[in-house]
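Next input, structure requested:
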Amino acid sequence: MGLYRDQILPRVIDKLLADPAIMRHRAETTAGLSGTIVEIGFGSGLNVPVYPPEVTRVYAVDPAVVGRRLAADRVAASPVAVEYVGLDGQDLPLDDATCDGALATFTLCTVPDPARALAELKRVLKPEGRLHLLEHGLAPDASVARWQRRLNPIQRRLGDGCHLDRDHRRLVEDAGFVVDEHREWYARGPRPWTRFHLLRAHRPG
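Numbers count the residues shown, from 1 in each chain. Just a heads-up that it's a prediction; the model follows:
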């Protein structure tokens, strides 16, 4: 899995998740963020072109070395300062209450312990700090959810730990965030993979 995980998968993800429809959803997700933000699962920097102008600094967290290389041109072309600060979204090397916002896109589906990652994001956010997420996850239709559970073992292997059926709203609320907006829909493609969730939440003051 080393060559596949380290070299092939980041390139596949970069191509698949740069789809124009997904890029529009990325722009919707980043809207409303401002100041200093932390982005876990930074990957190949696909969100960089759609950061709103109010964002002034991004602390980028991602373990993929190839992702950094793929992100280099996007980072270089961005007016936003991007600083790589860590490899693991579950253990952020940032002080408490240092960020105005947090961003994760197609990341909580994969981190081994999403509750721990969300606890870290809450820790580094200032009171009333914003959390914006775009994920694929649990479908409301019982038949689709059953297929998500059946396919999870294959998905986790091919997607380096990616889950199809995580309940992102429940995870966010269980972490102590207040959900301000949650939209979900089926995107184009097979339904077990394409139940998208866009959430905006905040850390209570």
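
May I ask you to name the longest helix in this protein?
helix 142-158 (DSSP state H).

Identify the residues contacting it?
138-139, 162-165, 191-192, 195 (C-beta atoms under 8 Å, 6 or more residues apart in numbering). From N, CA and C alone the C-beta is placed, and that goes for glycine too.

quick one, helices of the protein?
Along the chain, the stretches classed as helices by DSSP H are 2-3, 9-16, 20-30, 65-77, 114-124, 142-158, 168-174.

Pick the most deeply packed of the ones you listed.
Highest mean neighbour count of the helices of the chain: helix 114-124, a mean of 21 (counted as mean count of other C-beta atoms under 10 Å).

name the helices or strands packed onto it?
Applying 3 or more C-beta pairs under 8 Å, 6 or more residues apart in numbering; DSSP states H and E, one finds that helix 114-124 contacts strand 35-40, strand 99-105, helix 168-174.

same thing but at 7 Å, please
In this structure, helix 114-124 makes packing contacts with strand 35-40, helix 168-174, judged by 3 or more C-beta pairs under 7 Å, 6 or more residues apart in numbering; DSSP states H and E.

Most neighbours of all the contacts of helix 142-158, which one?
Neighbour count (other C-beta atoms under 10 Å) singles out Leu164 as the most crowded of these, with 25 neighbours.

Would you quantify the distance from that one to Pro53?
35 Å (C-beta to C-beta, to the nearest Å).

What of Leu158?
Leu158 sits 37 Å away from Pro53, going by C-beta to C-beta.

Also Ala102?
According to C-beta to C-beta, Ala102 and Pro53 sit 18 Å apart.

Tell me where the model's unsure across this protein.
Residue ranges of the chain with pLDDT under 70: 1.

if we go to 80?
1-2 (pLDDT under 80).

Might you report the residue contacts of the residue lying closest to Glu181 once chain neighbours are set aside?
Of all residues not flanking Glu181 in the chain, Arg200 sits nearest, at 4.3 Å (C-beta to C-beta, 6 or more residues apart in numbering). Arg200 makes contact with 32, 130, 132, 180-181, according to C-beta atoms under 7 Å, 6 or more residues apart in numbering.

Of all the helices and strands packed on helix 114-124, which one is nearest Val61?
strand 35-40 (4.6 Å; C-beta to C-beta).
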